[in-house]
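> Give me the fold of what follows.
(4 chains)
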Number of protein chains: 2
Amino acid sequence: MSSAISERIPSAERREQILGAASLVFGERGYFGATTDQIAKAAGISQPYVVRMFGSKENLFVEVLQRALDKLMTSFQDTIDGWKADGSPAGENGAVGEHHEIGRRLGLAYVNLIEDRGILLSLMQAFGMGNDAVIGGRAREGFLAIYKMVRDQVGFSPDEARTFLAEGMLLNTLLGLKLPAEYGKDACATEIIESTFRTKLQLVLDVAGGNA
Amino acid sequence: MSSAISERIPSAERREQILGAASLVFGERGYFGATTDQIAKAAGISQPYVVRMFGSKENLFVEVLQRALDKLMTSFQDTIDGWKADGSPAGENGAVGEHHEIGRRLGLAYVNLIEDRGILLSLMQAFGMGNDAVIGGRAREGFLAIYKMVRDQVGFSPDEARTFLAEGMLLNTLLGLKLPAEYGKDACATEIIESTFRTKLQLVLDVAGGNA
DNA sequence: GTCTATAGGCGGATAGAC
DNA sequence: GTCTATCCGCCTATAGAC
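Numbering: from 1, shown residues only, chains lettered A, B, ... in the order given. Take a look at the predicted model:
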């Protein structure tokens, strides 16, 4: 409970620390519902310092969103690069079914990323803010960038890309709802979780029991 | 701007009026970010009256969520009944592909429902509130009820049911982001919107131009 | 059925010290 | 780089009148 001055930390590190805390708070409470003081407390610093560091609450949210999108793009890019290095689709664009493997890999990368509930929920929040000129604009850009990436770099057809994104949005919902916590308690919940997560089952159930 | 007393209205009607206004405000601002005063103003009544009528902000949100889920279940039930009356899948459960038609019909019913942005966004908000004991609980129940409905009454396999829900979650995201407003402006946006909405294209683009 | 008044607490942002 | 103090405004819920 010491209200002593926090350790003096390089600003880059402090930024990352605040962004992580802000992701969680914005995610759980929404952009309007989150307070800079809650974020400050979560980061272990004073409220005015949060504002000073990011200029405004809105700007802080934009940076939280951008950070999430950057992590996502980076993770997908790495996954795609690895897949290509492994000899991927044998040159040109393969026949139907050729894309199963990369779809699986990307799905796995995605689940790993959104295990971080702050990132998951901040993205979900942004997806409902299409009416906000600045936040909605960023969110649309980010979403379309992912679409473009899987179309151009993976070679997904429009249908494949749409299906891939749809499965991602379902993952968001299941985790946002914390449905994995019902695994084994409700027949429907158990079935849809097994059907959705397959390879990641154990990991997802671990998270369901643990944090937040 | 008259601060005169609102017309005296039967409580059932008033309730529905408030629930509609509350859907919009909760949807746009989130549960924590929405204020009972914003809801009251949107409904054209006083703030204390909103609280008096629903007991608390939390209870109001629960009722907003329940109303959205009820509309969804009712719409799906009607759609399924109509499909069965039309001679549906020829008795037993048909082969693969037999479910295309009912999937299309349910998708259409869903898009019609979430044209109401209040309903769309309130549901999306609830999907991120798995950590809230009461709201999260209701949201999980509602989600599982839909799953159960398409499994048991339509006869979808687990895979079909999952795919169906996933496409629904993608619709949520595209509309939440207001991506249809980018139709014709951005190649990726145009492509994913055409791929996703097909039969409902014109309707969705109309909404994109118009309200909220 | 509907309002006004108001209590008591929390919100973001700024000023200025260390 | 980080804090404390503080302004002014908004929030939920209650009390009580009409």
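
> Regarding A:Phe156, what is its secondary structure?
Of the three states, A:Phe156 takes coil under DSSP: H, G, I helix; E, B strand; the rest coil.

> Now do it, the pLDDT please.
Note on A:Phe156: pLDDT of 96.

> Give me the neighbour count for it.
22 (other C-beta atoms under 10 Å in any protein chain shown). No exception for glycine: its C-beta is placed from N, CA and C like everyone else's.

> Thought A:Leu106 was touching it, still the case?
No: between A:Phe156 and A:Leu106 there is no contact under C-beta atoms under 8 Å: 9.7 Å.

> Show me whatever sits in contact with both of those two.
A:150, A:164 (C-beta atoms under 8 Å, 6 or more residues apart in numbering or on different chains).

> So which helix or strand of chain A has the lowest pLDDT on average?
helix A:201-209 (a mean of 80; mean pLDDT, DSSP states H and E).

> now for it, which elements pack on it?
Here helix A:201-209 touches helix A:100-114, helix A:187-197, going by 3 or more C-beta pairs under 8 Å, 6 or more residues apart in numbering or on different chains; DSSP states H and E.

> Of those, give the one that comes closest to chain B.
helix A:187-197 (4.5 Å; C-beta to the nearest C-beta).

> tell me the angle that closest one makes with helix A:201-209.
If you take axes from the mean of the first three to the mean of the last three C-alpha atoms, to 10 degrees, helix A:187-197 sits at 130 degrees to helix A:201-209.

> Can you give the distance of helix A:187-197 from its chain's centre?
In terms of C-alpha atoms, centre = their mean, to the nearest Å, the centre of helix A:187-197 is set 21 Å apart from its chain centre.

> tell me which parts of chain A are close to DNA strand C?
A:34-38, A:47-48, A:51-52, A:56-58 (C-beta under 7 Å from any atom of the strand).

> quick one on the thing from earlier: may I see the helices and strands packed on helix A:201-209 organised as JSON lines, with mean pLDDT and mean neighbour count added?
Output for these, formatted as JSON lines (pLDDT from 0 to 100; neighbours: other C-beta atoms under 10 Å in any protein chain shown):
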{"stretch": "helix A:100-114", "mean pLDDT": "94", "mean neighbour count": "18"}
{"stretch": "helix A:187-197", "mean pLDDT": "96", "mean neighbour count": "19"}
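
> Tell me which of those sits nearest to DNA strand D.
helix A:100-114 (27.1 Å; C-beta to the nearest atom of the strand).

> Mind checking if the closest one is in reach of chain B?
No: judged by C-beta under 8 Å from any C-beta of the partner chain, helix A:100-114 and chain B are separated, with a smallest distance of 11.6 Å.

> Can you work out which other helices and strands pack against that helix?
helix A:57-85, helix A:117-127, helix A:158-176, helix A:201-209.

> what sits up against that helix?
Residues from elsewhere that reach helix A:100-114, judged by C-beta under 8 Å, 6+ apart: A:71-72, A:75-76, A:78-80, A:82-83, A:88-89, A:119-120, A:123, A:150, A:154, A:160, A:164, A:167-168, A:171-172, A:175, A:197, A:199-200, A:203-204.
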